[in-house]
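Asker: Below are the sequence and a predicted model; questions follow.
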Amino acid sequence: MVHYASAAVAVAAVVLQLAAVASGQALDVSCVPLDEFQANLTYCSEFVTWPVTPTAARELASREATAFAEYVNMREGYKAGNVSAPCLSYQAYYQCTLALPRCQLGRNQELCLFVCEEHARRCLGADYSGCAPSATVGSACSAAADAQASGFAVAAALLAAALLGAAGGGRM
């Protein structure tokens, strides 16, 4: 038999999918933990320490190739005198954060504000669309924020279970 907790998780997943559709985000409703894809990381292995969406995990090789290509492009700019050494030294991490964004509640999270601030500092304020103030998040970039997001998902599941319980009476 299916208990309310299982039904609540399913309801929470549907709610997250609907919210994703409404906001134009991908339909991934879960995050892939680092330990499930870390062994497959190559270029970004020293930088990516967060969960990613299932889509990002499936596209790992092509996303890392894109990050590396962007780094090579910046390296060529450095050789030509158009990119500073501090800016170039941050590009591997920066490009990996763009290619493999942190997953939270099943969706790609915007860039962390500290990533953009460091990029602006090292690259002398270079403007990149991923770092527009409206496209960044502040405190949601920590392990504590991940725990808070997980707590939200549990709370949503418990609320759904309570609603199902009130409507149905015990078990499904």
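Answerer: Happy to help now that I have it. Numbers count the residues shown, from 1 in each chain.

Asker: only C-alpha atoms for contact and neighbour calcs from this point on.
Answerer: Noted.

Asker: what stretches of the chain score poorly on pLDDT?
Answerer: 1-29, 125-130, 132-140, 142-172 (pLDDT under 70).

Asker: Please enumerate the helices of it.
Answerer: 4-23, 54-58, 60-79, 85-99, 113-122, 143-168 (DSSP state H).

Asker: Quick check: Thr66 touching Leu100?
Answerer: No: applying CA atoms under 8 Å, one finds Thr66 not in contact with Leu100, separated by 10.2 Å.

Asker: So which of the two has more stuff around it?
Answerer: Each of Thr66 and Leu100 has its neighbours counted (other CA atoms under 10 Å); Leu100 has more, 25 against 16.

Asker: Could you pull up phi and psi at that one?
Answerer: Main-chain dihedrals, Leu100, degrees, to the nearest 10: phi -130, psi 70.

Asker: how is this structure carved up into domains?
Answerer: 1-30+142-172, 31-141 (automatic domain parsing).

Asker: Glu36: how many residues sit nearby?
Answerer: By other CA under 10 Å, neighbour count at Glu36 equals 10.

Asker: Just list the residues touching it, thanks.
Answerer: Contacts for Glu36 (CA atoms under 8 Å, 6 or more residues apart in numbering) come out as none.

Asker: separation between it and Pro51?
Answerer: The gap separating Glu36 from Pro51 is 9 Å, by CA to CA, to the nearest Å.

Asker: Repeat that for Glu59.
Answerer: For Glu59, the distance to Pro51 - CA to CA - is 14 Å.

Asker: Could you check which of the two is surrounded by more residues?
Answerer: Shown here are Glu59 and Pro51; by other CA under 10 Å, Pro51 has more neighbours (25 against 13).

Asker: Pull up the distance across stretch 99-111, start to finish.
Answerer: OK, stretch 99-111 end separation, CA to CA: 11 Å.

Asker: now swap in stretch 78-90 and tell me
Answerer: Terminal-residue distance, stretch 78-90 (CA to CA): 12 Å.

Asker: now swap in stretch 92-105 and tell me
Answerer: Stretch 92-105 has an end-to-end distance of 26 Å (CA to CA).
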